[in-house]
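Asker: Return atomic coordinates for the entry below.
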Amino acid sequence: MPRLHLHLLSDSTGETLEMIAKAALAQFEDADVVRHFWPMVRSQQHLDRILGEISANPGLVLFTLVNTETRDRLEQRCATLGLPCVAALDAVTNALEQQLGQEAQGRPGRQHMMDEAYFQRVDAIQFTIAHDDGVGWENWEEADILLAGVSRSSKTPTSIYLANRGYKVANIPIVVESPPPPTLYTVRRPLIVGLTTSPERLIAVRRNRLLSLNQAPETAYVDSEHVAREVQYARRMFADNGWPVIDVSRRSIEETAAAVITLYNERKVAGDANPGMKAL
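Answerer: Numbers count the residues shown, from 1 in each chain. Below is the predicted model of the structure:
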């Protein structure tokens, strides 16, 4: 398979463009791709320097540029070089313009403006970090979501991912020898979700964790009977309290978070339709 040079040009942080490229490349196995990332392209001089690099390493050019002059110069230069040049958001933007009956506002980085949603996301991240691994139980009522599960069931990374989406999340370790605080059974606002996994996968993950910490690999932490008892204890707790459960055995963090958000939205819709339900 030939090597492809992929040039990503953005007049903002380039986060959106990187995600688009990553999602598209995931469809191709063993692709030999060299990514060249060019964020904050907002001047002709900057673009000219980049064009020199593109000329030296020809390949596919993807861009999100709203400045007409910068964009036209990039497209003309790529045409001269005989390189494909793709505006990553044009199709979606054009469709929205037609449906909304108005033109898009060409402002670089508009999606990253420090508006109310931005500060809500920052607040969510701060809350989530401060309420990791059972800490701050007295504030759980302020959370949007509580994730419960045994050790190494992806609670923390899922919490952080959800926080970046604007949700205040606390996570609670379920330990047979140390039951969670009674507050867990009395909170009304948060959605409580149980995360579970197969004992076999849990043992494998825990062994890798112990090895990375240079700790003894043979402890109760990875004993098959002990782990099976932990998982069973957690599942019984989830069932007894009627909490929704997500099996993370074959899910990525993104997939688990998406499932949690779906549950959250369904609960919100049900709560709006039935005011007598638990408040959100």
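
Asker: could you pull out the helices for this protein?
Answerer: Secondary structure of the chain (DSSP state H): helices located at 15-25, 44-56, 68-81, 90-100, 116-130, 155-164, 199-212, 224-241, 253-273.

Asker: could you redo the ones you listed as TSV and give each row distance to Ala148, mean neighbour count and mean pLDDT?
Answerer: Placement of C-beta: from N, CA and C, glycine included. Formatted as TSV, these follow (distance: least, CB to CB, whole Å; neighbours: other CB atoms under 10 Å; pLDDT from 0 to 100):
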stretch	distance to Ala148	mean neighbour count	mean pLDDT
helix 15-25	30	14	90
helix 44-56	48	14	94
helix 68-81	49	15	94
helix 90-100	38	11	85
helix 116-130	15	15	87
helix 155-164	8	22	95
helix 199-212	15	15	90
helix 224-241	7	15	96
helix 253-273	12	15	88
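
Asker: Distance to Leu6 added to the ones you listed, as TSV?
Answerer: What follows is the helices of the chain, written out as TSV (distance: least, CB to CB, whole Å):
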stretch	distance to Leu6
helix 15-25	7
helix 44-56	11
helix 68-81	13
helix 90-100	18
helix 116-130	29
helix 155-164	25
helix 199-212	32
helix 224-241	43
helix 253-273	22
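
Asker: Out of these, which is closest to Trp137?
Answerer: Smallest distance to Trp137 across those (CB to CB): 11.7 Å, for helix 116-130.

Asker: now for the closest one, which elements pack on it?
Answerer: In terms of contacts (3 or more CB pairs under 8 Å, 6 or more residues apart in numbering; DSSP states H and E), helix 116-130 is packed against helix 155-164, strand 169-173.

Asker: Out of those, the one nearest Val61 is which?
Answerer: helix 155-164 (28.6 Å).

Asker: re the thing from before, of all the helices of the chain, which one comes closest to Pro182?
Answerer: Closest of those to Pro182 is helix 224-241, at 12.3 Å (criterion: CB to CB).
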